[in-house]
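Visitor: Pasted the sequence and its predicted model underneath.
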Amino acid sequence: MLGSARPGAAGLTPDASPPPPLKAESRDLSFHYGNGFKALNAITMPVHEHRVTALIGPSGCGKSTFLRCFNRMHDLYPGNRYEGAIVLHPDNTNLLADDVDPIEVRMRVSMVFQKPNPFPKSIYENVAYGLRVRGVTNKNHLDDKVEESLRGAALWDEVKQRLNEVGSNLSGGQQQRLCIARALATDPEILLFDEPTSALDPIATASIEELISELKKRVTILIVTHNMQQAARVSDYTAYMYLGELIEFDRTDTIFFKPGRKETEDYITGRFG
Amino acid sequence: MESASALDAPVGATVPTVVSERLARKFSRNLKERAIEALLFLAAFVSVFTTAGIVYILVKESLVFFSHVPLWQFLTDTQWTPLFADAHYGISVLLSGTITSSAVALLVAIPLGTTIAIYLSEFASPRAREIAKPVLELLSGVPTIVYGYFALLFVTPLLQKLIPSLPGFNLLSAGIVMGIMIVPYVASISEDAMRAVPMALREGSFAMGATRLQTALKVVVPAAVSGIAAAYILGVSRAVGETMILAVAAGMQPNLTFNPLEPAATITAYIVQVALGDLPHGSVGYQTIFAAGLALLLLTLFFNLVGFWMRRRYREAY
Amino acid sequence: MSYVAQTPEQIRGLIAKAKRRDVLFVALGVIALGIGFATFLALFLDMLLDGWGRLRPEFFTQFPSRRAAQAGILSAWVGTFLVMIVTAAVAVPLGVSAGIYLEEYAPKNWVTDVIEINITNLAGVPSIVYGLLALGLFVYAFGLGQSVQTAGLTLALLILPVVIVATREAIRAIPAMIREGAYAVGATRWQTVKDHIIPYSMPGILTGVIIGMSRAIGETAPIITIGALTFIAFLPPAPVGAEFPFLSFEWLKAPFTVMPIQMFNWTSRPDPAFHANAAAAGTILVFMTLAMNGLAIWLRYRLRKNIKW
């Protein structure tokens, strides 16, 4: 029923087509917080290139923790510990390896957060931030890239007249699209969304969802959402997680219509969670 | 038990007396409560009396002073010799000492204080922060007369080895030590402001591949800028009002100069100098210290209000 | 199309450069902290070394003298002690009451706003201005003289904002449920304050009082301004006498000197022999303020660890 209401997302990947190539995969990934809490347990999951993969599950199931492993945000807080690997293709780099610099990982894997968090800078500088961090100083390059990213985030027409205004003056939905533009500007290989619409109203939510479906042409997307309709609308693959375990991973229409596991079905149909 | 018997008793007989007793007790209780509240209010109102007292005394004595010395002369004269036969009353002379010494102090306190604040807020481990902050607090608790001794008898001789022509009393040494004294203050308020910046902003920057320093300088500091500015301004206010370091180490002779290598009196040092002498109550010389005090109060009040306003702005931001 | 396309080597080079700056800044931060601590260490050690020769028992039992080697701080420490008694006796009840009023009683109106703005402002008024207030008001208008009581009152006003702010913070840390619990069993406002608010906020208030007192001990400028004498070779009359009525408050009106003024006096003499005395007095002064501040910090630390709610 959910799928039939918005067939677009599922329609792009008909069941018969062969699965697209892998962009990344997590192998036996476990994660321990500094206080000793084991938040993820041996998660193995593929991430397909130019597809949207949704992570769903009840609060505290570890989906955000899992997402934040992909750009090693956990390294910011002392005591956190990974086990296993997240391999990024095509170069087969283990993102979690000790000799891989988390900063380098974050340059390849960008992130959009739950609450819009524009920097207290102008709209222009917000988008240019990642480029400046990478040492880009050429004004023309920056101008081009800022415009391209803002267009990519469907924000250009709304802000092109006021690029020098402070980003926090925008509406919530615009701020979130600004954060998406900021993440896009550095041409990341994977874009992580951590419940990107939970702080937004329904109209802003719809525009972000539309944007996500558009963006997967350019970038591989991983999205955490607590809203199952959203997962059904935007994603091609869905992972259901519970208590730090990956219960089931499959094509989104399979998860929603013919889930393989009883727990998944219970959660999807609202009998649980 | 009691309530049961009260219910059984005829309504008209017992209940009214109980109520009137309660009313009586309520009245005395109210009276006591009111009296206590009034006392507490008076205690709180002492602060208003204090301010009023300060303004009254300074303005009253200054008015007498300005009836002898015209205001324009006070503001424009370039000499300050109130105790000489040929008396001049140019506050700019004292102001130059205050400004020069405060400038030296800020040149020390702002870089050091800001660096420490960024380091403690963005780099140091929680444990290091837990140790460093109280020690800094201890530093700011050292009496200023002790800093004065240090400036005169330790820092000045040290500086004289570098600058042989430096006189024994000078604004440089006093200013440097004053700056060190203000460092904990600037560092602590700036650090508070930076810590108030939400973690989400830092994460946004880290997620773009920024390092700690890039995040600190490009995101955290701009976000906390009004709080940091408040720290600087409150630091200025402290430097302007500081007395003993200058009275001890900068000399007390009025000197219209902006050269920190010279000795000069500040507004505060002048007040100390007059208070140490034996000026008769009511003389013009006696009144000068109130006029100087009024100038000082207005100066610090201005900085405090600006600093207060900026601090409130960053508190409202998040 | 993409301008960011850099080879992994270029990116690694960039990151390495940025990280070197990180390390450099950490070094800078440690150096800045080090300068602060080193200055303090130099200050303390310099004074200790200069004054070591004078830190003998006689130093505490002798009056100041024209001969440096025979001068002591008897009148100074007795004066400091007496002034602090007056300061505490005035500042603690006033400050705590004001804090209680503002947190528990004050209605939200302009009078309260005026009081709050005043307290914030007073905290930033230079101490020497309090000295001018005391000179004009206490010494001349009220005729209290250049005495222990004037000095005590002045310092009390000076540290009042510290005590008030500490009291308010301590009270604010008490959760509303404690008050509601007390009111729910029929306590009046004052009973709630007296039986619950004051006892529970006591450690926090104490911390503020100690910090305020340590500030008062070191204050020099306002006391000089009210005209404290710098050379006092006698003690104020004893508060307890052998004859009726045994208790005397004459000491309140006595002229006096205090530790920081004694130190100032010795520091400003050209004769280096007196500098040793100043150093010795300074060492004692720093030791006292450090001990008090340390106690306050420790109390606060304990308090944070033992929060019961």
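Guide: Structure received.

Visitor: From now on I want contacts and neighbour counts done on CA atoms only, so please keep to that.
Guide: Will do.

Visitor: got the residues of the stretch 151-273 of chain A near chain B?
Guide: In this structure, the stretch 151-273 of chain A approaches chain B at residues A:A183, judged by C-alpha under 8 Å from any C-alpha of the partner chain.

Visitor: Can you show me the strands along the stretch 151-273 of chain A?
Guide: Using DSSP state E, counting those that start in this stretch, the strands of the stretch 151-273 of chain A run over A:190-194, A:220-224, A:237-242, A:245-251.

Visitor: Include mean pLDDT and mean neighbour count when you put the ones you listed into JSON lines, please.
Guide: Below are the strands of the stretch 151-273 of chain A laid out as JSON lines (pLDDT from 0 to 100; neighbours: other C-alpha atoms under 10 Å in any protein chain shown):
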{"stretch": "strand A:190-194", "mean pLDDT": "94", "mean neighbour count": "26"}
{"stretch": "strand A:220-224", "mean pLDDT": "95", "mean neighbour count": "26"}
{"stretch": "strand A:237-242", "mean pLDDT": "94", "mean neighbour count": "24"}
{"stretch": "strand A:245-251", "mean pLDDT": "93", "mean neighbour count": "19"}
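
Visitor: Would you mind giving the domain segments of chain B?
Guide: As recorded under automatic domain parsing, the domains making up chain B are B:2-68, B:76-317.

Visitor: Quick one, which of those gets closest to C:T220.
Guide: Evaluated with C-alpha to C-alpha, those place domain B:76-317 nearest to C:T220, the distance being 6.9 Å.

Visitor: Check whether the closest one comes near chain A.
Guide: Yes. Domain B:76-317 reaches chain A (C-alpha under 8 Å from any C-alpha) through B:200-201, B:203-204, B:206-211, B:214, B:219, B:222-223.

Visitor: so which of these comes closest to chain C?
Guide: Using C-alpha to the nearest C-alpha, the shortest approach to chain C within those belongs to B:T211, at 6.8 Å.

Visitor: give me the number of residues near that closest one?
Guide: B:T211 sits with 19 neighbouring residues when counted by other C-alpha atoms under 10 Å in any protein chain shown.

Visitor: Correct me if wrong: it contacts C:K19.
Guide: Yes. The criterion here is C-alpha atoms under 8 Å, and B:T211 meets it with C:K19 at 6.8 Å.

Visitor: ok, back up a step: looking at the domains of chain B, which is buried most?
Guide: domain B:76-317 (a mean of 22; mean count of other C-alpha atoms under 10 Å in any protein chain shown).

Visitor: chain center to that one, what's the gap?
Guide: Relative to the mean C-alpha coordinate of its chain, domain B:76-317 is positioned 9 Å out (C-alpha atoms, centre = their mean, to the nearest Å).

Visitor: taking the mean pLDDT, what do you get for it?
Guide: The pLDDT scores in domain B:76-317 average 89.

Visitor: The stretch 201-309 of chain C: strands as residue ranges?
Guide: Defined through DSSP E, counting those that start in this stretch, the strands belonging to the stretch 201-309 of chain C form an empty list.

Visitor: can you tell me the residue of it closest to chain B?
Guide: Checking the stretch 201-309 of chain C residue by residue against chain B with C-alpha to the nearest C-alpha singles out C:G218 as nearest, at 4.5 Å.

Visitor: Hmm, A:N164 is touching A:V127, no?
Guide: No. Under the criterion of C-alpha under 8 Å, A:N164 lies out of contact with A:V127, with a separation of 11.3 Å.

Visitor: Could you single out the nearest of the residues of domain B:76-317 next to chain A to A:E248?
Guide: Closest to A:E248, out of all of the residues of domain B:76-317 next to chain A and judged by C-alpha to C-alpha, is B:A207, at 28.2 Å.

Visitor: ok, the closest one - contacts?
Guide: A:71, A:73, A:106-107, A:110-111 (C-alpha atoms under 8 Å, 6 or more residues apart in numbering or on different chains).

Visitor: that older thread, how about the contacts made by the residue of the stretch 201-309 of chain C closest to chain B?
Guide: In this structure, C:G218 makes contact with B:142-145, C:259-260, C:285, C:289, judged by C-alpha under 8 Å, 6+ apart.

Visitor: now B:Q273
Guide: Taking C-alpha under 8 Å, 6+ apart as the definition of contact, the neighbours of B:Q273 are B:247, B:252.

Visitor: if I look at it, how far off is B:R313?
Guide: Here the distance between B:Q273 and B:R313 works out to 40 Å (C-alpha to C-alpha, to the nearest Å).

Visitor: give the contact list for residue 249.
Guide: This is for chain A. Applying C-alpha under 8 Å, 6+ apart as the definition, the contact partners of A:F249 turn out to be A:45, A:237-240, A:255.

Visitor: You answered for a different chain; I wanted chain B.
Guide: By C-alpha under 8 Å, 6+ apart, the neighbours of B:A249 are B:148-149, B:151-152, B:168-171, B:173-174.

Visitor: out of these, which one sits closest to chain A?
Guide: Sorting the contacts of B:A249 by distance to chain A puts B:A174 at the head of the list, at 38.4 Å, by C-alpha to the nearest C-alpha.

Visitor: Would you agree that closest one is in contact with B:A247?
Guide: No. Using C-alpha under 8 Å, B:A174 makes no contact with B:A247, being 9.0 Å away.

Visitor: shared neighbours of the two, anything?
Guide: When C-alpha under 8 Å, 6+ apart defines a contact, the residues bordering B:A174 and B:A247 alike are B:G148.

Visitor: sorry, back to before: show me the one of the domains of chain B that comes nearest A:L222.
Guide: Shortest separation from A:L222 across the domains of chain B is recorded for domain B:76-317, at 14.7 Å, computed as C-alpha to C-alpha.

Visitor: Which other helices and strands does whichever strand or helix holds C:A38 contact?
Guide: Following DSSP states H and E, the helix or strand that holds C:A38 is helix C:8-51. On a contact count with 3 or more C-alpha pairs under 8 Å, 6 or more residues apart in numbering or on different chains; DSSP states H and E, helix C:8-51 meets helix A:102-108, helix B:91-118, helix B:144-150, helix B:171-195, helix B:212-215, helix C:272-305.

Visitor: let's see it at 6 Å
Guide: Helix C:8-51 sits against helix B:91-118, helix C:272-305, with contacts defined as 3 or more C-alpha pairs under 6 Å, 6 or more residues apart in numbering or on different chains; DSSP states H and E.

Visitor: and stretch A:200-216, which residues are buried?
Guide: Judged by neighbour count using 16 or more other C-alpha atoms under 10 Å in any protein chain shown, the buried positions of stretch A:200-216 are A:200, A:204-205, A:207-209, A:211-213, A:215-216.

Visitor: neighbours of residue 161, just the number please.
Guide: Going with chain A. Number of residues near A:Q161 (other C-alpha under 10 Å) recorded here: 9.

Visitor: that's the wrong chain, I wanted chain C
Guide: 25.
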